[in-house]
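>>> The sequence isn't on hand, but the structure is:
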Ligand code: DC
């Protein structure tokens, strides 16, 4: 039975990338069904049919869609790139909702999987196309992540790309259309396994799927029985070449001469065609012909001939078995010691001569074949062995493992094709993927061996792994949400962006790049998921500093930056706080530069600690009492002030511990230009706002008020003096 893996999921969930990788690793065929619907859309657009009219899609009756070497062909033209344009993306949902289109595509998809191990991705694979798939995966990821991936993919392919928001909208729209259409909507099959890839790397997902494939019983034994199409095709191409290697030395010229001489004439090629080289056959010993020295017959020299066994097959065709091809014969033994006329013998055909009818037999090959059968029967899943590379041939490498010949097809090598030659003479680790009994050899894979080794290493490593362990890792991959760090060979953990540093990291690349060494601590272990932290190993300066401090604490800091908004103060070499200008002095006109310069150490009070933003706000003015709060004057009061500063348009004056402003325009009865520092002036408080620390006084207002009061008391006195005795009496009665 062939193996089928179905992967469904919404747009941008990574289906195609994952399916492609899994296919490569397992040697399965990958069928991207989304690409097929895209190809239909492309043809519809080219034919300018009415996309809204399902009947216009009858062109599919004469349309050819197929895949060749991971490329999609529409009517024999490679359209792999063309189907990824935005025009197609925008129209494909419309096209793929038609029952007629789907029927055609599903039939074609089901046809394409026949007799193959396949991984197929789309929207309805697990539910409609391959309802009996051996493994069904529903791959998902959050919309933002999918939009991000879509954009990246399109950018990498130099395709037109929408901005992030539009891409998110495009994806949401497509999700909606794909999952609400009446026919075959995007839906998770009941028996599908859901994988959320939002926070997983491609490798993580691929590994997960491959583990599931093995868990579901796809094992080496099955694989051995399943003929691998790709390898078969390759094997066919190099048939002639391989045969020379497997059969070791081809029959010598001597043998050719000999066989020619001995050939019973007129034997038909067709008769011989029923036999294949390396085939196992049974025959009867007709004669053991003894060695013949060179002899002369007239002018002709008859060459020396080795001892040989003449064997006849059941249909009467004959051939020879030479000592060098005979298994289990000792140096000092002759063929005559082992074979008797009339013996029934089983042999392998080592060589068939083209004109038919004559064979060279071998029991050495027969033994090898039997050994191989034993090897195949005992073969276990995840077997890996070391084989020596003998030679590079057109389709890969020929190798030797114990007595067995092995072929490593190019597609199964872990190095680039151009580097295959460098492996000749080396011992490399390979895993058998198929035993080719017909050719008496093992088809091996270096890719599979590497994966098995990696899995074994990983398993062993994971068994010893514990939360709290610290590793010197290397960044292998960077994603938007964090970095994948290799902590041991083939074992990667996720260093989430929030675990990179104590301060907030907005872009991973600002701190880490692929290849960077990074010390990490294991903070989470969940199945195969390893959660790592870098910040856990970096001293938490913030914690250290703030742990014993609260709002109102008085600390010392050094001014490291003075700007329009205030002072940045270094509280320790790693921690800074901010002293806003408004918190510098109760005097709102005070200038920072007048009293503090860079490098000065000053005492400040902490007035805010924001742990989320890692922010500390400081105050200098709050170290002293607010003189405005204790000011005992109020608006309207007449007070004496002292001039402390002379300005062009007025004077700064002090009232108790605060300072106010006396505009020149309110100076009366004295010459404003004669006012001196320290001079005392009687003023009236015009404005007093202790919230805003604002005090404005006026000399004129004070004088006018004093004058008014004098005038009033004079008038009162006059009134008193003009009272009658009767008025006096009335007043005393009221009292
Ligand atoms: O995976 P993708 O974006 O290349 O798919 C293109 C469109 O094809 C998508 O909008 C849904 C549709 N599709 C479908 O209806 N059924 C499938 N099996 C695969 C794809």
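Nice, thanks for sending it over. These figures come from a predicted structure and were not determined experimentally.
>>> Check which residues of the helix of greatest length in the chain are buried.
Across the chain, the longest stretch assigned as helix under DSSP state H is helix 699-721. Buried residues in helix 699-721, counting neighbours by 16 or more other C-beta atoms under 10 Å, are found at 699, 700, 701, 702, 703. C-beta here means a position set from N, CA and C on the backbone, and glycine is covered the same way.
>>> what residue ranges in the protein are flagged as low confidence?
Confidence mapping of the chain against pLDDT under 70 gives the ranges 1, 217, 219-273, 354-357, 528, 723-735.
>>> Show me which residues of it are close to the ligand?
Contact residues of the chain with respect to the ligand, defined by C-beta under 6 Å from any ligand atom, are listed as 11, 33-35, 37-38, 92-93, 96, 122-125, 174, 178.
>>> who's in contact with stretch 156-167?
Where contact means C-beta atoms under 8 Å, 6 or more residues apart in numbering, the residues beyond stretch 156-167 that reach it are 81, 84, 85, 86, 147, 148, 150, 151, 154, 155, 170.
>>> Which among the residues you listed count as buried?
By 16+ other C-beta under 10 Å, these give 84, 85, 147, 148, 150, 151, 154, 170 as buried.
>>> Can you lay out those residues as CSV showing secondary structure?
Rendered in CSV, the data for these read as follows (DSSP: H, G, I helix; E, B strand; the rest coil):
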residue, secondary structure
84, helix
85, coil
147, helix
148, helix
150, helix
151, helix
154, helix
170, helix
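>>> how about the residues you listed, which pair is most distant?
The most widely separated members of the buried ones among the contacts of stretch 156-167 are 85 and 148, with 20.0 Å between them, by C-beta to C-beta.
>>> quick one, strands of the stretch 401-550 of the chain?
Assigned by DSSP state E, counting those that start in this stretch, the strands in the stretch 401-550 of the chain fall at 404-409, 427-436, 441-445, 470-479, 482-488, 491-496, 517-526, 529-533.
>>> do the stretch 201-350 of the chain as well
So, for the stretch 201-350 of the chain - with DSSP E, counting those that start in this stretch - the strands run 280-289, 295-297, 300-302, 308-313, 318-322, 344-352.
>>> got those as a markdown table, with mean neighbour count and distance to residue 517 columns?
Rendered in a markdown table, the data for the strands of the stretch 201-350 of the chain read as follows (neighbours: other C-beta atoms under 10 Å; distance: least, C-beta to C-beta, whole Å):
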| stretch | mean neighbour count | distance to residue 517 |
| --- | --- | --- |
| strand 280-289 | 17 | 58 |
| strand 295-297 | 9 | 79 |
| strand 300-302 | 10 | 76 |
| strand 308-313 | 22 | 68 |
| strand 318-322 | 23 | 63 |
| strand 344-352 | 20 | 57 |
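>>> Reformat these as CSV; add distance to residue 557.
Written out in CSV, the entries for the strands of the stretch 201-350 of the chain read as follows (distance: least, C-beta to C-beta, whole Å):
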stretch, distance to residue 557
strand 280-289, 91
strand 295-297, 114
strand 300-302, 111
strand 308-313, 102
strand 318-322, 97
strand 344-352, 90
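>>> Contacts only, for the residue nearest the centre of the chain.
Taking C-alpha atoms, centre = their mean as the criterion, residue 201 is the residue nearest the geometric centre of the chain, at 3.1 Å. Residues counted as contacts of residue 201 (C-beta under 8 Å, 6+ apart) are 477, 479, 484, 492, 494.
>>> and if we set it to 6 Å?
For residue 201, the contact set (C-beta atoms under 6 Å, 6 or more residues apart in numbering) comprises 477, 484.
>>> And it, how far from residue 12?
The gap separating residue 201 from residue 12 is 16 Å, by C-beta to C-beta, to the nearest Å.
>>> for residue 424, same thing?
From residue 424 to residue 12 the distance is 44 Å (C-beta to C-beta).
>>> Those two: which is more packed in?
In this comparison of residue 424 against residue 12, neighbours counted by other C-beta atoms under 10 Å, the higher total goes to residue 12 at 23 against 14.
>>> OK, contacts around that one?
With C-beta under 6 Å, 6+ apart as the criterion, the residues that contact residue 12 are 146, 149, 150, 171.
>>> go with 10 Å
The contact partners of residue 12, taken as C-beta atoms under 10 Å, 6 or more residues apart in numbering, are 141, 143, 145-153, 167, 170-171, 174-175.
>>> And residue 448, by the same measure?
Taking C-beta under 10 Å, 6+ apart as the criterion, residue 448 is in contact with 25-27, 220, 223, 382-384, 412, 414, 430-433.
>>> So which of these wins on neighbours?
If you rank the contacts of residue 448 by neighbour count (other C-beta under 10 Å), residue 430 sits at the top with 30 neighbours.
>>> Surely that residue and residue 412 touch.
Yes: at 8.2 Å, residue 430 and residue 412 qualify as touching, with contact defined as C-beta atoms under 10 Å.
>>> Find the residues that touch each one of the two.
Common neighbours of residue 430 and residue 412 are listed as 397, 443, 444, 445, 446, 447, 448, 449 (criterion: C-beta under 10 Å, 6+ apart).
>>> What about the fifth one, how many residues nearby?
So the one you mean is residue 446. Residue 446 sits with 24 neighbouring residues when counted by other C-beta under 10 Å.
>>> In space, what's closest to it - neighbours in sequence excluded?
In space, not counting the residues next to it along the chain, residue 446 is nearest to residue 414; the distance is 4.4 Å by C-beta to C-beta, 6 or more residues apart in numbering.
>>> who's in contact with that neighbour?
Contacts for residue 414 were tallied using C-beta under 10 Å, 6+ apart; they are 408, 423, 428, 429, 430, 445, 446, 447, 448, 449, 450, 451.
>>> From the ligand, how far out is it?
30 Å (C-beta to the nearest ligand atom, to the nearest Å).
>>> show me where the stretch 1-150 of the chain has strands.
With DSSP E, counting those that start in this stretch as the criterion, the stretch 1-150 of the chain has strands spanning 4-8, 29-32, 65-68, 71-74, 77-78, 118-122, 135-140.
>>> could those go into TSV alongside mean neighbour count?
TSV is the format used below for these (neighbours: other C-beta atoms under 10 Å):
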stretch	mean neighbour count
strand 4-8	28
strand 29-32	21
strand 65-68	15
strand 71-74	18
strand 77-78	12
strand 118-122	28
strand 135-140	24
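>>> possible to save those as a markdown table with distance to residue 572?
What follows is the strands of the stretch 1-150 of the chain, written out as a markdown table (distance: least, C-beta to C-beta, whole Å):
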| stretch | distance to residue 572 |
| --- | --- |
| strand 4-8 | 53 |
| strand 29-32 | 57 |
| strand 65-68 | 63 |
| strand 71-74 | 61 |
| strand 77-78 | 64 |
| strand 118-122 | 55 |
| strand 135-140 | 46 |
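>>> Which one of these lies nearest to residue 184?
Set against residue 184 and scored by C-beta to C-beta, the strands of the stretch 1-150 of the chain come closest in strand 118-122, at 9.3 Å.
>>> next one: the closest one to chain centre, how far?
Taking C-alpha atoms, centre = their mean, to the nearest Å, the mean C-alpha location of strand 118-122 is offset from the chain mean by 20 Å.
>>> can you pull the buried residues of stretch 510-527?
Applying a neighbour-count criterion of 16+ other C-beta under 10 Å, the buried positions in stretch 510-527 are 511, 512, 518, 520, 521, 522, 523.
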